[in-house]
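# Give me a 3D structure for the following:
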Amino acid sequence: MSDLFWLTDAQMARLEPFFPKFHDKPRVDDRRVLRGINRNGLRWRGAPREYGPHKTLYNRWKRWSDKGIFAAMMVGLAADHGQTKTVMIDATDMKAHRSATNLGNQKGGRGRLIGRTKGGMNTKRHAICDSQRRPLNLFVTAGQVSDDIGARALLSSFPNVDWLLGDRGYDAGWFRDASKDKGIRACIPGRKPRKKPVKYDKRRYQRRNRIEIMFGRLKDWRRVATRYERCPKVFLSAIALAAVVIYWL
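Down below sits the predicted model:
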């Protein structure tokens, strides 16, 4: 029993506000099922019997993923981050397993958000994190989608902070102006083809490695490092759940 994953009473109390209400009859024990989902890394048939039938684990995972429950957990818990100084933005590619890349000849994978890149078939994860390496918001796109397009989607969720750190992929005039309009100073180096060099705080920029560390920790989770799911919503749920367990509980 010592190698099993068990959520504490305090952790369950933080998660319960995000659970959907049941109507006809009570669900199978939420604590037991969530423990099984977390500990087993979504390898359903290999789940220890203490967590109950593997089919129960899978059904709960799929149903709550479709409803966006796990993504709401992460965003809801991250809302109390208390960050006022600095946030970071970045994106990283994640290899799509062949079980998720059965795309046929249709470009874009019929909405699966999987794209062909130099490294093969990938999905890209875009994220904002705080100075403590905790993710504040994230979403996924096809692998070939540029970083600045991801920045447009995350812009509205930027918290009220003083500084935003990003790499050269976010060097766009509109993005700098949008950050300035929000009262945020951008610390972003200029792209190499730029005719006019951009000044930035090189010492402050070194702190951007914290978001790289965050990506690395999330990829320790099997279903985050490699995409096995065909459905992008289910894959996003895997990332969100890993973020909740690692950083917000």
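# roughly how far apart are Ile114 and Trp174?
28 Å (CB to CB, to the nearest Å). Placement of C-beta: from N, CA and C, glycine included.
# quick one: which of the two has more around it?
Taking other CB atoms under 10 Å, Ile114 and Trp174 do not tie; Ile114 has more neighbours (27 against 11).
# Find the nearest non-adjacent residue to that one, please.
In this structure, Ile114 finds its nearest non-sequential neighbour in Ala96, 4.9 Å apart by CB to CB, 6 or more residues apart in numbering.
# elements contacting the lowest-mean-pLDDT helix or strand in the chain?
Of the helices and strands making up the chain, the lowest-confidence element is helix 30-40, at a mean of 75, by mean pLDDT, DSSP states H and E. In this structure, helix 30-40 makes packing contacts with helix 9-15, helix 54-66, judged by 3 or more CB pairs under 8 Å, 6 or more residues apart in numbering; DSSP states H and E.
# What's the mean pLDDT across the first one?
Helix 9-15 carries an average pLDDT of 90.
# name the helices or strands packed onto it?
If contacts are counted by 3+ CB pairs under 8 Å, 6+ apart, helix 9-15 sits against helix 30-40.
# now the helix it packs on, how far from the centre of its chain.
Its chain's C-alpha centre lies 19 Å from the corresponding centre of helix 30-40 when counted by CA atoms, centre = their mean, to the nearest Å.
# Output it as CSV, nothing but the C-alphas.
Output of helix 30-40 as CSV, limited to C-alpha atoms (Å, rounded to 0.1, in the frame of the first residue of the first chain):
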residue,chain,number,x,y,z
ASP,A,30,-14.5,10.6,-5.8
ARG,A,31,-11.4,10.3,-3.6
ARG,A,32,-10.6,6.8,-4.6
VAL,A,33,-11.2,7.4,-8.3
LEU,A,34,-9.1,10.6,-8.4
ARG,A,35,-6.3,8.8,-6.5
GLY,A,36,-6.3,6.1,-9.1
ILE,A,37,-6.3,8.5,-12.0
ASN,A,38,-3.3,10.4,-10.6
ARG,A,39,-1.2,7.5,-9.4
ASN,A,40,-1.7,5.3,-12.4
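# can you list the residues that contact it?
Outside helix 30-40, the residues within contact range by CB atoms under 8 Å, 6 or more residues apart in numbering are 4-7, 12, 15-16, 19, 27, 46-48, 50-52, 56-57, 60-61, 241, 245.
# Report the buried members of those residues.
Leu7, Leu15, Ala47, Tyr51, Gly52, Thr56, Leu57, Arg60, Trp61, Leu241, Val245 (16 or more other CB atoms under 10 Å).
# Now tabulate those in JSON lines and tack on distance to Thr84.
Supplementary listing: those in JSON lines, determined by distance: CB to CB, whole Å:
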{"residue": "Leu7", "distance to Thr84": "30"}
{"residue": "Leu15", "distance to Thr84": "26"}
{"residue": "Ala47", "distance to Thr84": "42"}
{"residue": "Tyr51", "distance to Thr84": "40"}
{"residue": "Gly52", "distance to Thr84": "43"}
{"residue": "Thr56", "distance to Thr84": "43"}
{"residue": "Leu57", "distance to Thr84": "39"}
{"residue": "Arg60", "distance to Thr84": "37"}
{"residue": "Trp61", "distance to Thr84": "35"}
{"residue": "Leu241", "distance to Thr84": "27"}
{"residue": "Val245", "distance to Thr84": "26"}
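# Could you give the number of residues near the nearest residue to Leu57 once chain neighbours are set aside?
The spatial neighbour of Leu57 that comes closest, neighbours along the chain excluded (CB to CB, 6+ apart), is Gly36 at 4.7 Å. Counted with other CB under 10 Å, the burial measure for Gly36 works out to 27 neighbours.
# Asp181 too?
Asp181 has 9 nearby residues by other CB under 10 Å.
# Could you tell me the model confidence score at it?
94.
# Looking at the helices and strands packed on helix 30-40, which is nearest to Ala78?
Each of these has some distance to Ala78 by CB to CB; the shortest is helix 9-15, at 11.9 Å.
# Cool, thanks, signing off.
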